[in-house]
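Novice: Could you work out the structure for the sequence below:
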Amino acid sequence: MHTTPPASFGTPKRLAAWAARNRFGIILLPWLATFASILSLKYSILISGGFRQSAVGLGHPDSLTAAETIALFRSDLLLCGVLIPVALCLLLLWLPLRLRPLISGLFALAAVIILNFETTVYTTTGSFSSLKMMWVAIAWTIHSHDTSIISVPANQQLGIAAWIVGVGLAGAIAFVEVRKSSTWLNSASLAMFGAGCVAALVACVPRLPDTAWKPSLLGQTAYAALVEGSVDADMLSHTAPELLQLYRSDSSVPPERATPYTGKARGYNVLLFVMESIPAQVFDPARDSLDDMPNVRRLREHSFLLANHFTTFPLTNYAAFSIFTSMYIKTPVGPVIGDHHIELPGMIRSLNSAGYQTAYYGYVWKIPSQRDDRMLESLGFGKISEPSINPSVDRQGSETFEGPIEYTEKHDLQSLEALRQDIHRWAEEKQKFAAAYFPEFGHDPWREVKGQVPKSLLNRGHILAAYQDAWIGEILEELSRDNLLDNTIIVITSDHGLRRIPVPPGQPPQLVAHGKLDDIVIRVPMLIYVPKVLSQPVTIDYPTSHLDITPTILDLLGISAGREFEQGTPMTDSAIADRRLFLPMDIFGASGFYYRGNYFMEDGAKNAFENSTLHFDDTNVLPYNGQQANEVRKALADQDALQNALLTNLIGQPVR
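Specialist: Residues are numbered from 1 along each chain as shown. So this is what the prediction gives:
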């Protein structure tokens, strides 16, 4: 049955009769249940501690007046309480009566599921999630049978289930009642719709606070879910060299030039030892006594010590990409490359051209959403040596990352032995080499080493780092036996810091930083051993990055070919102290940078922060629409667009 509106409604009474005749109240019932969920979810956010950051500058940052609170629901009431119900009625008007509650119910159910999921992600990480990231979490869970990524606390599970059941029940009632002659439910629903319209008008009266929560919750989550970011058309019109020049100009990066150490280690071999999930708080070659790490202490005497060194992203493969290319990244390159043969510029390509043998040792993640094997091949490694894991239980990494630590140690030692054998072979062949060793022993959440009783969480991490000192000793022993130690650059660092805290079995993982950048997540140890070049330790205090590893090593080796796409700078160039150093971009929704003595950050709610240390709380938030906050957001947005365009240009495939 199709019913069309009369040519003229005439009076409100005739309009009400028309709405009642078309059963709009019952048809809207499922959406009204979702609307109630939206108001409840937004209120739960507004009373949370995180919201107070947005309220700075209102005159009373610890709380809002009742009128201001009501005003913050203005967009929710207008969109979800007026516009969507009217749109539903008009769109469903042309369908048979029996189909209207079905379509309305499915729409309402989908909305409440996505909203509850997004709000749970926000309360966990401080940022809403995109559909792409939802799929990554689901795909990881399906392939690895590890539910930690999408784990939801029990109280939130009950809340989500209650709202889904409520909307589903409202849909079922609407489907049954729509063809009955009873009017009370229809009238009650229409009255609720009318109350929503009145509430929307009331919310338009008070002054609207200037915060990140002015838009509707539905609009914010829909935007986060559907908009993955795009390559700015203007940026994409530039060539890669033009983009790099724009980046260097905007970020005050010093011009390319020789340093006091250029070519001082010409002809040296290169070895990188990259620990997993070890922050500088538990292992810092620049500050620690290293009493229980004798091999690192031995190297320190002839090393550059970077006291404030940061990863570019707290995921291993993203960090490795920056280490080997000197480029920022915030998305896995492997799936973007696909089956295309891509040769990315960077350290490995330059060393291959200079006659070096290049090799990677360690576990290689091959889930469809990452494909680290394709990334490593695109970087140019001549050899990728993986441990012989049991693919039936560990192809997706769950055993390596979170299983018994003895399992992980066994495979790390297997890779270490392969590295030692290759070093010996290269020495016999008088072949220069560059090797990278990435053990997984320290992967978070940190596991306990048998026979060691940690006194604290940080002590647990230090034990994991100190345990690997013996592995460093084995490498030094091999280099000494082959007479290579005095002409090998050795880099000791970590891919990133601590992200997840160990919890009892069965409980969801706990993040160290919720929606914020933090020192313990991204500041990592960094030591660069350069024998015969340095007669004593050289400490560098200004901030440096994994972005600077490739330029530093190639500068020491005196290699200049193939370096036109570097975004980093040799760490030995003191002029980089004044550059804008971008920190991880879009991790848990947060992005940030260091600039001339201060750290800046934007969180998932678009709040901007400033602090003299890399830790942010409510006291560090900038007034939401102040000049400085807008400048922070613009700098990060510009860098994001530039980087997307640069990688798209180099890879030849869209990168977002």
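
Novice: Which strand residues bridge F273?
Specialist: Y437, I492 (DSSP bridges).

Novice: wait, it sits on F441?
Specialist: No: taking contacts as C-beta atoms under 8 Å, F273 lies outside contact range of F441: 11.6 Å. C-beta here means a position set from N, CA and C on the backbone, and glycine is covered the same way.

Novice: Tell me which helix or strand in this structure has the weakest average pLDDT.
Specialist: helix 51-54 (a mean of 55; mean pLDDT, DSSP states H and E).

Novice: Mind listing the shared neighbours of F273 and F441?
Specialist: Common contacts of F273 and F441 (C-beta atoms under 8 Å, 6 or more residues apart in numbering): Q468.

Novice: tally of neighbours for the closest residue to S535 other than its chain neighbours?
Specialist: Nearest residue to S535, sequence neighbours excluded (C-beta to C-beta, 6 or more residues apart in numbering): H302, at 7.0 Å. For H302, the tally of surrounding residues (other C-beta atoms under 10 Å) stands at 19.

Novice: right, and H302 touches V538 too?
Specialist: No: at 9.3 Å, H302 does not count as touching V538 under the criterion of C-beta under 8 Å.

Novice: circling back: state the phi and psi torsions of the residue nearest to S535.
Specialist: Reported as degrees, to the nearest 10, the phi and psi values for H302 are phi -140, psi 50.

Novice: how about it, what does it touch?
Specialist: Counting by C-beta under 8 Å, 6+ apart, H302 touches Y529, V530, P531, K532, V533, L534, S535, Q536, P537.

Novice: what's the pLDDT at it?
Specialist: Reported pLDDT at H302 in the predicted model: 97.

Novice: separation between it and L290?
Specialist: Per C-beta to C-beta, to the nearest Å, H302 is found 14 Å from L290.

Novice: again with Y529
Specialist: 13 Å.

Novice: likewise W135?
Specialist: Going from W135 to L290 by C-beta to C-beta gives 44 Å.

Novice: and what of M585?
Specialist: From M585 to L290 the distance is 33 Å (C-beta to C-beta).

Novice: between those two, which one's more packed in?
Specialist: M585 (22 against 18).

Novice: Would you quantify the distance from the most centrally placed residue in the chain to W446?
Specialist: Centroid-nearest residue in the chain, with C-alpha atoms, centre = their mean: I587, separated by 2.4 Å. Counting by C-beta to C-beta, the separation of I587 from W446 is 19 Å.

Novice: neighbours around Y407, how many?
Specialist: If we define neighbours as other C-beta under 10 Å, then Y407 has 16 of them.

Novice: mind checking pLDDT for the nearest residue to it once chain neighbours are set aside?
Specialist: Counting by C-beta to C-beta, 6+ apart, Y407 lies nearest to E399, which is 5.6 Å off, once chain neighbours are set aside. Looking at E399, its pLDDT reads 84.

Novice: Name the residues that touch the following helix or strand past the least confident helix or strand of the chain?
Specialist: Sequence-wise, the next helix or strand downstream of helix 51-54 (DSSP states H and E) is helix 66-71. Residues from elsewhere that reach helix 66-71 (C-beta under 8 Å, 6+ apart): L46, L58, V202, A203, V205, P206, R207, L208, P209.

Novice: any idea of the mean pLDDT in helix 66-71?
Specialist: The model assigns helix 66-71 a mean pLDDT of 82.

Novice: quick one: buried residues of that helix?
Specialist: E68, T69, I70, A71 (16 or more other C-beta atoms under 10 Å).

Novice: same check, this time on stretch 456-465
Specialist: L457, R460, G461, H462, I463, L464, A465.

Novice: what about the spatially closest residue to V512 that is not a sequence neighbour, which helix or strand?
Specialist: Nearest residue to V512, sequence neighbours excluded (C-beta to C-beta, 6+ apart): L498, at 5.4 Å. Using DSSP H and E, L498 sits in no helix or strand.

Novice: List the residues that contact L498.
Specialist: Contacts of L498 (C-beta under 8 Å, 6+ apart): S277, P279, Q281, V282, D444, W446, G461, V512, I520, V521.

Novice: And the furthest pair within those residues?
Specialist: W446 and V521 (13.7 Å; C-beta to C-beta).

Novice: higher neighbour count, these two?
Specialist: Shown here are W446 and V521; by other C-beta under 10 Å, V521 has more neighbours (27 against 24).

Novice: In a helix, the more buried one, correct?
Specialist: Yes: secondary structure assignment places V521 in a helix (DSSP: H, G, I helix; E, B strand; the rest coil).

Novice: how close does the nearest residue to it once chain neighbours are set aside sit to M134?
Specialist: Once flanking residues are discounted, V521 sits nearest to G497: 4.7 Å by C-beta to C-beta, 6+ apart. For G497, the distance to M134 (C-beta to C-beta) stands at 26 Å.

Novice: Neighbour count: the two, which is higher?
Specialist: Neighbours were counted for G497 and for M134 using other C-beta under 10 Å; G497 has more, 26 against 16.

Novice: how about the more buried one, phi and psi?
Specialist: According to degrees, to the nearest 10, G497 has phi -90, psi -150.

Novice: wouldn't it be in contact with F310 here?
Specialist: No: G497 is not in contact with F310 according to C-beta under 8 Å; the separation is 9.2 Å.

Novice: list the buried ones in the helix or strand encompassing S591?
Specialist: Per DSSP H and E: S591 is located in strand 591-595. Using 16+ other C-beta under 10 Å as the test for burial, strand 591-595 gives S591, G592, F593, Y594, Y595.

Novice: Give me the sheet partners of it and which way each runs.
Specialist: strand 580-582 (antiparallel), strand 598-602 (antiparallel).

Novice: now L106, nearest residue through space, not along the chain?
Specialist: G171 (7.7 Å).

Novice: give me the number of residues near the one you found?
Specialist: 23.

Novice: Past the strand or helix carrying it, which element shows up next along the chain?
Specialist: Assigned by DSSP H and E, G171 belongs to helix 154-177. Following helix 154-177 in sequence order, the next helix or strand is helix 184-203 (DSSP H and E).

Novice: okay, now the domains of this protein?
Specialist: Following automatic domain parsing, one gets these domains for the chain: 12-226, 233-386+431-545+553-651.

Novice: And for the helix or strand hosting H462, what's in contact with it?
Specialist: Using DSSP H and E, H462 sits within helix 457-467. Contacts of helix 457-467 from elsewhere in the structure, counted by C-beta under 8 Å, 6+ apart, are 275, 277-279, 281-283, 292-293, 441-442, 446-449, 452, 454, 498, 501-502, 525.

Novice: Likewise for stretch 76-84?
Specialist: 31, 34-35, 38-39, 42, 193, 196-197, 199-200, 203-204, 216-219.

Novice: start to end distance for it?
Specialist: 10 Å (C-alpha to C-alpha, to the nearest Å).

Novice: what about it, distance to the chain center?
Specialist: Its chain's average C-alpha position is 32 Å from that of stretch 76-84, according to C-alpha atoms, centre = their mean, to the nearest Å.

Novice: Likewise for stretch 541-549?
Specialist: Remark: stretch 541-549 is offset 20 Å from the chain centroid, using C-alpha atoms, centre = their mean.

Novice: residues of it that come out buried?
Specialist: Y542, P543, T544, S545, H546, L547, D548, I549.

Novice: first to last residue in it, what's the distance?
Specialist: OK, stretch 541-549 end separation, C-alpha to C-alpha: 16 Å.

Novice: For it, give the mean pLDDT please.
Specialist: Rounded mean pLDDT across stretch 541-549 is 97.
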